[in-house]
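Asks: give the three-dimensional model of this entry:
(one chain, ligands or ions: 1)
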Amino acid sequence: MSMQRQPDSGEIVMIRLAKQAMKFSAGHFTIFSASERERLHGHNFTVEVDIEARMLGNGMCFDYGLYKDRVIALCRELNEWMLLPTRSPYLRIEEAGEQVLAHFAGQVIPFLRRDVRLLPLENITLEELARWFLERLAEDPQTLREHAVVAIEVRVFSGPGQSAGRRMVMPQ
Ligand SMILES: Nc1nc2c(c(=O)[nH]1)N=C([C@H](O)[C@H](O)COP(=O)(O)OP(=O)(O)OP(=O)(O)O)CN2
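Replies: As a prediction, this is how the structure comes out:
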């Protein structure tokens, strides 16, 4: 007699999304203090997302395709831009017509407006970029509840072997 298999609803599973398309190329410089920063440079960043969620019956949790498309779309938003932080304690951003002027340590760094994407972050670091993805993925709490998402962790890489991860536990 075959054992009636109990539905696994409610069990927590981990979905890991690390598709090749989860990438973006961007310029930045890390600010270390009021007087020290890196020179402007760029990376081919990659993104991985772990989503912990409860099983919903039918042998699956939520349809992860929705989040795969969302992460890829977010990567496209950052692709081929010079990224500047608007919440740095050490950098002042001035938008002057077709230019964006970044004021740092008594110097002015000019950029063309068309090349710059301003992000509401303290610094353009792996940690802060992970925050940006996490906050964008958590924008719709109702959908996250419907998908029984328990936690999301975003990991951003500036190259192989170098990354920062950030995790958000959803209010249940
Ligand atoms: N806590 C953090 N520290 C640093 C960050 C960061 O995001 N968070 N970022 C940097 C630099 O921007 C970054 O490391 C510069 O890239 P770099 O490592 O020099 O070059 P590669 O990514 O190509 O790596 P290689 O080791 O040169 O191969 C510094 N600190």
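Asks: CA atoms for contacts and neighbours, from now on please.
Replies: Will do.
Asks: low-confidence regions, this structure specifically.
Replies: 1-9 (pLDDT under 70).
Asks: just the helices in it please.
Replies: 65-78, 126-137, 141-146 (DSSP state H).
Asks: ranking those by burial, who's on top?
Replies: For the helices of the chain, average neighbour numbers computed from mean count of other CA atoms under 10 Å are highest in helix 126-137, which has a mean of 19.
Asks: among the helices of the chain, which is nearest the ligand?
Replies: helix 126-137 (3.9 Å; CA to the nearest ligand atom).
Asks: how about the protein: which residue is closest to the ligand?
Replies: Closest point on the chain to the ligand, by CA to the nearest ligand atom, is residue 125, at 3.3 Å.
Asks: I figured that residue hits residue 30, correct?
Replies: Yes: here residue 125 lies in contact with residue 30, judged by CA atoms under 8 Å, at a distance of 6.2 Å.
Asks: show me what contacts the nearest residue to residue 46 once chain neighbours are set aside?
Replies: Leaving aside its sequence neighbours, residue 46 sits nearest to residue 23 (CA to CA, 6 or more residues apart in numbering; 4.2 Å). Contacts for residue 23 (CA atoms under 8 Å, 6 or more residues apart in numbering) come out as 44-47, 72, 75-76, 79.
Asks: in this protein, which spans are strands?
Replies: With strands called from DSSP state E, the chain shows them at 12-17, 23-28, 41-54, 81-85, 91-96, 99-104, 107-112, 116-119, 149-159, 162-169.
Asks: looking at those strands, which is nearest to residue 133?
Replies: Across those, residue 133 has its closest neighbour in strand 149-159 (6.9 Å, CA to CA).
Asks: nearest the geometric middle of this protein, what residue?
Replies: Nearest to the geometric centre of the chain sits residue 133, at 2.2 Å (CA atoms, centre = their mean).
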